[in-house]
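Participant: Quick check, what structure comes out for this input:
(chains A and B)
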Amino acid sequence: MADTKALTTRAADFSAWYNELIARAELADYSPVRGCMVIRPNGYAIWEQMQRALDQMFKDTGHQNAYFPLFIPQSFLAREAEHVEGFAPETAVVTHGGGKELEEPLVVRPTSETIIYSMYAKWIQSYRDLPVLINQWANVVRWEMRTRLFLRTTEFLWQEGHTAHATEAEAEEEARRMLGVYRTFMEEWMAMPVVTGRKTDSERFAGAVRTYSCESLMQDNKALQAGTSHNLGQNFARAFEVTFQTASGDLDHVWNTSWGVSTRLVGALIMTHGDDAGLVTPPRLAQYQVVIVPIYRTDDERATVLEAAERVKRELAGAGVRVHLDARTGMKPGAKYYEWEGRGVPLRLEIGPRDVAAGAVVLVRRTGGKKETLPVEGIAARIPQEMERMQTALLETARARVEAATIRGATKEQFLQHIDGSGGFVYAGFCGRAECEAEIKEQTKATIRVLPDPEYRSPEPPATCMWCGLPSVAEAVWARAY
RNA sequence: CGGGGUGUGGCGCAGUCCGGUAGCGCGCCUGCUUUGGGAGCAGGAGGUCCCGGGUUCGAAUCCCGGCGCCCCGACCA
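Facilitator: Numbers count the residues shown, from 1 in each chain, chains lettered A, B, ... in the order given. Prediction:
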């Protein structure tokens, strides 16, 4: 960063680009604790926008927020066999408190199914108590081997929804509904296209009956699991004896779901839209949607320009636009341009003496194109339109990129060529056998991201497994993943 | 945990081979001039050279032992 002011390009080294972008935009920083990051104000602002949108969507679908403890008695994890097998190796365990060794060690939650369902057992007695629809915003800890800012850190922020239902069908409907909520959020807010579908058993959440996922493809053509929704069946209900009396008087176990997205989404946003100049934030998630840069020479000009800039700012703010006036002195306009571009601000307005005289402003879009002079008159209507257009264009651009990196109906040879070549999604037939899946992973590092939902499937269902040639039981989407 | 790399002002690095008391760029502070795409000049602040031993008149530099961090693998939202 010393001798060169430009970021490493994505083409030269995607990973370096990613890290440099985060540093440059001041989204996050490494902390004194290995694997743990500090989310800086600019990064946290994005997470807050995400939280706000998602929280509203959860509430609109009938959920309430609650909060459960950070610590979980170690024995709780062990109650669900698959669950403990999946999570025990990556837990942080507290053995001492107040200077004394604890009777029972406490696990720092890697996820909260166990402690939440232990409480549901107390709260649920009757079918009249169902469904229970709770979400929690929390931090969790998973002791990962290798970490990457936002994508995989030892501690991360997320939300986890946990619901209990009277019937299997209702739980399934809930799991699917929340997958849909995630998809909507990712497409409409993040402008990030996803493929939804079911995970194979080997990629399933530890303790779930079925796991659904939103998978997205980053600019380096590696897939990222962006959100998951699990149908837990009665596995946890049995482990924690969450029972209820049905209308007919029988005792039954509840049917659970859990679903979550994390601060990983910030990483997904970076790798979906970022360019060689830095972050690109879709308007709906931007901390500042518009930044105004005043330009002047003399003190007189400065006063005039700032007055005009303040007027524009007020007008935009009045129209609900998140706008920032960068009135810092001693910094040349060009320096400000680079800084705000690096931070991903969607739109920039430049106001100088010429513009003030003409009753105009200069509009510059983060995603390129020519500078455009606009009349100040009507700006409060014009800017929201620009943002809408950019929001839509970002999604379309990303869609086209993913489409270009996707092949369908692939043979084994085409699959290998694609995975080892430019990379991306490969849609092809799958025999359904775990051995086949494992062999592919071992030899190519590619995994089945999802068995796609109907709307993503190819018109012609594949007849045979792309790898072993046995009859195909489902179309699968393969990719190398983060 | 295996392989590779690296620890020197806030950041990025040089200096290490060949020991002589720490330097460069960026950033930061002050002042003046600047400001339509990363300003210039002048002055200034800031360092246990990762830690602990050893060798030496003398160690950032040589030797021994630790530790941290980064990258690549196995694991993962």
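Participant: What count of nearby residues applies to residue A:126?
Facilitator: Neighbour count of residue A:126, defined by other C-beta atoms under 10 Å: 11. C-betas here are computed from N, CA, C, even on glycine.
Participant: Give the phi and psi angles for the residue nearest to it when sequence neighbours are not counted, as a check.
Facilitator: Spatial nearest neighbour of residue A:126, excluding adjacent residues (C-beta to C-beta, 6 or more residues apart in numbering): residue A:245 at 5.3 Å. Dihedral angles of residue A:245 (phi, psi; degrees, to the nearest 10) stand at phi -90, psi 130.
Participant: ok, now how distant is residue A:245 from residue A:116?
Facilitator: Shown here: residue A:245 relative to residue A:116, a distance of 21 Å by C-beta to C-beta, to the nearest Å.
Participant: before we move on, what about residue A:146?
Facilitator: Taking C-beta to C-beta as the measure, residue A:146 falls 29 Å from residue A:116.
Participant: Could you do residue A:178 as well?
Facilitator: Per C-beta to C-beta, residue A:178 is found 16 Å from residue A:116.
Participant: you'd agree residue A:155 is up against residue A:34?
Facilitator: No: the criterion here is C-beta atoms under 8 Å, and residue A:155 misses it with residue A:34 at 11.0 Å.
Participant: Give me the distance from stretch A:290-304 to the chain's centre.
Facilitator: The chain centre lies 38 Å from the centre of stretch A:290-304; the measure is C-alpha atoms, centre = their mean, to the nearest Å.
Participant: do the same with stretch A:384-399
Facilitator: Here stretch A:384-399 is found 18 Å from its chain centre; the criterion is C-alpha atoms, centre = their mean.
Participant: Please point out which parts of it sit buried.
Facilitator: Using 16 or more other C-beta atoms under 10 Å as the burial criterion, the residues of stretch A:384-399 that qualify are A:384, A:386, A:387, A:390, A:391, A:394, A:395, A:397, A:398.
Participant: just stretch A:280-299 next, same as before
Facilitator: Per 16+ other C-beta under 10 Å, stretch A:280-299 contains these buried residues: A:280-296.
Participant: count of neighbours near the residue nearest to residue A:126?
Facilitator: Neighbours of residue A:245 under the rule other C-beta under 10 Å: 15.
Participant: can you narrow the buried residues of stretch A:280-299 to ones near RNA strand B?
Facilitator: Restricting those to those touching RNA strand B (C-beta under 7 Å from any atom of the strand) yields A:295, A:296.
Participant: List the ones among the buried residues of stretch A:280-299 that fall in strands.
Facilitator: Counted as lying in strands by DSSP state E, out of those, are A:290, A:291, A:292, A:293, A:294.
Participant: nearest to residue A:348, of those?
Facilitator: The nearest member of these to residue A:348, counting by C-beta to C-beta, is residue A:291 at 5.4 Å.
Participant: Which strand residues bridge that closest one?
Facilitator: Taking DSSP bridges as the rule, residue A:291 bridges to residue A:324, residue A:348.
Participant: Same list (the buried residues of stretch A:384-399) but as CSV, adding pLDDT, secondary structure and distance to RNA strand B.
Facilitator: Formatted as CSV, the buried residues of stretch A:384-399 follow (pLDDT from 0 to 100; DSSP: H, G, I helix; E, B strand; the rest coil; distance: C-beta to the nearest atom of the strand, whole Å):
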residue, pLDDT, secondary structure, distance to RNA strand B
A:384, 98, helix, 22
A:386, 98, helix, 15
A:387, 98, helix, 18
A:390, 98, helix, 15
A:391, 98, helix, 20
A:394, 98, helix, 18
A:395, 98, helix, 21
A:397, 98, helix, 19
A:398, 97, helix, 18
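Participant: Am I right that residue A:48 sits in a helix?
Facilitator: Yes: according to DSSP: H, G, I helix; E, B strand; the rest coil, residue A:48 belongs to a helix.
Participant: Let me know how buried it is, in neighbour terms.
Facilitator: Close neighbours of residue A:48, defined as other C-beta under 10 Å, add up to 13.
Participant: and if you look at residue A:243?
Facilitator: Count around residue A:243 with other C-beta under 10 Å applied: 16.
Participant: Could you check how far it is from residue A:170?
Facilitator: Counting by C-beta to C-beta, the gap between residue A:243 and residue A:170 amounts to 16 Å.
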